[in-house]
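Undergrad: could you work out the structure for the sequence below:
(chains A, B, C and D)
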There are 2 protein chains.
Amino acid sequence: MSSEAHPTADPHDVLAYLLKHVTAKLTTATDAALEPFGIDSKDLGALRVLAHQEPKSQLQVAQTLSIDRTTMVSLLDALERKGVVTRRPDPTDRRRNVVELTPEGLKTFDAAWTAYTQAENSFLTGLDPNAAGQLRRTLRTLLQD
Amino acid sequence: MSSEAHPTADPHDVLAYLLKHVTAKLTTATDAALEPFGIDSKDLGALRVLAHQEPKSQLQVAQTLSIDRTTMVSLLDALERKGVVTRRPDPTDRRRNVVELTPEGLKTFDAAWTAYTQAENSFLTGLDPNAAGQLRRTLRTLLQD
DNA sequence: TATTGTTATACTCTATAACTATA
DNA sequence: TATAGTTATAGAGTATAACAATA
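TA: As a prediction, the model looks like this:
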C-alpha cells in the first residue's frame, strides 16, 4: 500500500505546518509583549529600521521590510497618529517623504525593543542554547538561497 | 545612545521576520509543486490526515490541523468537487459527517505527497544535512512548549 | 442543553489600479 | 515618461454568530 510509506498523519511532520504555527505562536507572544507600548510586531519592524539608519523614504523602509508601499502608508499613518514618527517632504526630491522617529518614538522603540527581545528569549527558553542560534542561522540561510 | 545597543537594522535579526518570510518562501515552492494536482498545501494537510487514519469527522480533521470548523466546510466542499474526498452522515451519530478519501483521492494524495516532499527537500538543499533535521526538531519543540 | 455541520457576515491583511505631484 | 505617495477597491484568508438537525 502506498500509504504505508507515510506511517503517520502527524501534521508536525510537515515543515510548512511547523513553520506556520511556530510563527503564529511567536507573533502572539511578541504582540502581547508589545501591547503596552501601543504597537505590534509589524510596527516594531518599521521603528527598528528608522532607529538604526539615516533618514529614509517611505519606499526605502517598505523595501527593507519587504512590504508594499501602499501598506507602508497606513502603517505610517498609525505611527504618526501615535506621535512616534514624523513625515516631511524630502527637500532634495519633493516626491519623497523623509520618515524619522520622534524623540518620543525613540524612547518607545527602545522600551518596546527590550520587551520584544525578552519575549523572543522567553519563547526560546525550552531550547538548549545552541539550538536557538542554530535556528536563526538556518532560517537566514533558507531566506538567502 | 540607546540605539547603539542594537547596531543593525537588519530585519533578519528579528526571529518573527525570519520565520514569516521562510514560511512564505516554502509555501510558494510547495504550492507550485502541488499545482499540477489541483491542490495546495492546506488541501494536502487534510488529505494527509485522511490518508493515514481511520475515518474521521470533519471536526476531528479540523482539530488535527488546528483550523476552524467553518473553514473546514469550504475546504472539503472544494475537495469533494474535485472528487478526492466523500462525505456521508455517520450512522452512529448523524450530526457528524464521515470524511474519507476516494480511491482517486488516495492516488492524488500519493502523487502530491511525493511532489511535496521533493519540493521540501529541494528547499532544504542549501543546508548541511544535520541542520535540516535540527530545524524540524527545534520547531517541534517550540510548538509543544 | 450541547454538539456538528452549515451559512451569512465581518474583519484583517495585503495587493492592484488609478490618481497627484514631482522629477 | 518615470517615480513616490496616496486613495479606493478588491481579493484571500479566517473568525464570529446564528441556524438546523441531531444527540
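Undergrad: could you tell me the average pLDDT over the helix or strand where A:Tyr17 lies, please?
TA: Using DSSP states H and E, A:Tyr17 maps to helix A:15-34. Mean pLDDT, computed over helix A:15-34, is 94.
Undergrad: and it, how far out from the chain's middle?
TA: 12 Å (Cα atoms, centre = their mean, to the nearest Å).
Undergrad: what of stretch A:60-73?
TA: Per Cα atoms, centre = their mean, the centroid offset for stretch A:60-73 relative to its chain is 12 Å.
Undergrad: neighbours around A:Ala112, how many?
TA: As a burial measure, A:Ala112 scores 26 neighbours (other Cβ atoms under 10 Å in any protein chain shown). C-beta here means a position set from N, CA and C on the backbone, and glycine is covered the same way.
Undergrad: got the phi and psi for A:Asn130?
TA: phi -70, psi -40 (degrees, to the nearest 10).
Undergrad: what about A:Glu120, distance to DNA strand C?
TA: Distance, A:Glu120 to DNA strand C, using Cβ to the nearest atom of the strand, to the nearest Å: 19 Å.
Undergrad: where does the prediction get shaky in chain A?
TA: A:1-9 (pLDDT under 70).
Undergrad: buried set for the helix or strand hosting A:Trp113?
TA: Assigned by DSSP H and E, A:Trp113 belongs to helix A:103-123. Neighbour-count burial for helix A:103-123 flags A:105-106, A:108-110, A:112-113, A:115-117, A:119-120, A:123 (criterion: 16 or more other Cβ atoms under 10 Å in any protein chain shown).
Undergrad: I'd like those as a markdown table, with distance to chain B appended.
TA: Output for those, formatted as a markdown table (distance: Cβ to the nearest Cβ, whole Å):
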| residue | distance to chain B |
| --- | --- |
| A:Gly105 | 11 |
| A:Leu106 | 7 |
| A:Thr108 | 11 |
| A:Phe109 | 8 |
| A:Asp110 | 4 |
| A:Ala112 | 12 |
| A:Trp113 | 6 |
| A:Ala115 | 13 |
| A:Tyr116 | 8 |
| A:Thr117 | 9 |
| A:Ala119 | 10 |
| A:Glu120 | 5 |
| A:Phe123 | 7 |
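Undergrad: quick check: phi and psi at A:Gly126.
TA: phi -70, psi -20.
Undergrad: buried residues in the longest strand belonging to chain A?
TA: As assigned by DSSP state E, the longest strand anywhere in chain A is strand A:93-101. Neighbour-count burial for strand A:93-101 flags A:Arg96, A:Asn97, A:Val98, A:Val99, A:Glu100, A:Leu101 (criterion: 16+ other Cβ under 10 Å).
Undergrad: about what we covered before: helices or strands next to the helix holding A:Tyr17 in the packing?
TA: helix A:41-51, helix A:103-123, helix B:15-34, helix B:103-123, helix B:129-144 (3 or more Cβ pairs under 8 Å, 6 or more residues apart in numbering or on different chains; DSSP states H and E).
Undergrad: run the last query once more with 6 Å
TA: helix A:41-51, helix A:103-123, helix B:15-34, helix B:129-144 (3 or more Cβ pairs under 6 Å, 6 or more residues apart in numbering or on different chains; DSSP states H and E).
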